[in-house]
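>>> build me a structure from this.
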Amino acid sequence: MAVQFAQPFRFTEQQVARMAEAGLIHRDETRLIDGVPYRAGAPIRFSRAAYYRLGEMGVLTKRDRVELIDGEIIEMSPISPRHSACVSRLARLLTPRVGSALVRFENPLALPDEYDPQPDVVVVRARDDDYEESHPTSDEALLVVEVADSSLRYDRTVKVQRYADAGLPEYWLVDLTRNEVIVYQDPIAGEYRNARTYGLGESWTSMAIPGLVVSANMILKRRSQETL
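Numbers count the residues shown, from 1 in each chain. Model (predicted):
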């Protein structure tokens with residue numbers, strides 16, 4: 001498949017039949033190979049509209065942790081307890097420090113080329129409708145954070161490139177396997193010009209959130225070990 005280091009979502013015959021009934025695919029042109037729908041020898045690519053239609057129809061449910069990447073529906077890694085704890089610490093850290101901006105958790109970003117990732121945390125500009133009418137785009141995102149353990153290779157290769165391509169100002173990759181945070185800043189022509197790794201006891205200044213100074217301890221260690 002086109003997307004490296006990620007597993008495709010596996011559909012059932014019943015789900016494929018429902019997609020055909022809704023006109024999202026042509027059943028007579030579609031083959032289900034190991035749970036992946038193919039047409040003309042290649043995995044079917046879904047548009048953003050079709051992807052969200054699958055959710056509205058109940059073909060995809062909240063139990064299905066998936067993302068849309070280059071038109072392919074990809075499974076997200078399971079969430080470990082440490083992963084959840086880290087996201088909670090990020091919530092405590094960022095929410096009171098981003099001014100009028102909004103902090104969103106595990107919600108989609110609408111990026112170019114049918115790419116709708118669901119970052120663990122994203123800070124977006126405030127909008128009157130609180131993003132009820134549409135998901136935030138790359139022009140509205142200030143900071144994206146991914147917490148990685150089993151998904152590290154994917155987050156460090158595919159996602160960093162796609163976030164740079166979209167011009168997202170700042171990307172933090174929290175590496176739970178090495179107890180460090182990689183901070184990517186200043187995207188130019190599809191590449192982050194600044195990328196630095198911070199371990200315990202080290203800190204950095206955000207370029208995207210004015211006045212925000214962060215230590216790796218705030219994210220990686222328990223609250224009792226670091227005052228937020």
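
>>> count of residues packed around Leu90?
Number of residues near Leu90 (other Cβ atoms under 10 Å) recorded here: 22. (Each C-beta comes from the backbone N, C-alpha and C, glycine too.)

>>> I'd guessed it sits against Val145; true?
Yes - with contact defined as Cβ atoms under 8 Å, Leu90 counts as touching Val145 (6.0 Å).

>>> now for these two: what residues contact both?
120-121, 174 (Cβ atoms under 8 Å, 6 or more residues apart in numbering).

>>> ok, so of those, who is nearest Phe105?
Closest approach to Phe105 among the shared contacts of Leu90 and Val145 (Cβ to Cβ): Val121, at 5.8 Å.

>>> name the nearest residue to that closest one, sequence neighbours excluded.
Leaving aside its chain neighbours, Val121 sits nearest to Val145 (4.0 Å; criterion: Cβ to Cβ, 6 or more residues apart in numbering).

>>> for the nearest residue to Tyr192 once chain neighbours are set aside, give me its contacts.
Distances taken as Cβ to Cβ, 6+ apart place Tyr184 nearest to Tyr192, at 4.0 Å, with adjacent residues excluded. The contact partners of Tyr184, taken as Cβ under 8 Å, 6+ apart, are 160, 163-164, 170-173, 192, 194-195.

>>> redo that, cut-off 7 Å
160, 170-171, 192, 195 (Cβ atoms under 7 Å, 6 or more residues apart in numbering).

>>> return a ChimeraX selection command for the buried portion of those.
Applying 16 or more other Cβ atoms under 10 Å to the contacts of Tyr184, the buried members can be selected in ChimeraX as follows:
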select :160,170,171,192
